[in-house]
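In: Pasting the sequence and the predicted coordinates here, then a few questions.
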Amino acid sequence: MSRAEIDRVLREKRTWIVEQRRRQVPRLGLERMAVSESEARIGARELVSALAEEEAARLRVRYRRIRIGDQRTLWGSCSSSGTLSFNWRLVLAPLGVLDYVVVHELCHLRVPNHSQSFWTCVEQRRPRWRDQRDWLREHGPELLAFRPAD
Ligand SMILES: [Zn+2]
């Protein structure tokens, strides 16, 4: 995804993103009462769908559908039937992190394992993927532990 495309998605979702950011408090800003799961899920679906649609075309892969889930340990997964599943808590992470997870799962449509050719696919589309992975390693447990009010 080019810088211009990322900017465009950010622009389209700006109000929502700004609102989420504004609500954030120290550390990652996961204030218990601030974000409802239902609105976070809607935001997650919008962002994931927009990114997946563009990136699938670039990678020339097809997915069947996108599922937004409440996985306790996973950020994303890709089934053999072509369903991509994403953890709604990704929407609480920086957009680049969510974007990386989307690209990661789309690359699994090409290479279903974590072999060298899989990482080559990720690297070609997101040369800085390691930064995003490291962010998830550092902050992921806090995101996964987050329980919204509703
Ligand atoms: Zn993977």
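Out: Received, thanks. Numbering: from 1, shown residues only.

In: ok, Asp70 touching Asn87?
Out: Yes - using C-beta atoms under 8 Å, Asp70 is in contact with Asn87, at 7.2 Å. C-betas here are computed from N, CA, C, even on glycine.

In: Of those two, give the one with the bigger neighbour count.
Out: Taking other C-beta atoms under 10 Å, Asp70 and Asn87 do not tie; Asn87 has more neighbours (25 against 9).

In: quick one: that one from Gly140, how far?
Out: 10 Å (C-beta to C-beta, to the nearest Å).

In: same deal with Cys78?
Out: As judged by C-beta to C-beta, Cys78 and Gly140 stand 18 Å apart.

In: Next: Gly76.
Out: Distance from Gly76 to Gly140, by C-beta to C-beta: 12 Å.

In: which of the two has more neighbours?
Out: Neighbour count, other C-beta under 10 Å: between Gly76 and Gly140, Gly76 has more, with 22 against 18.
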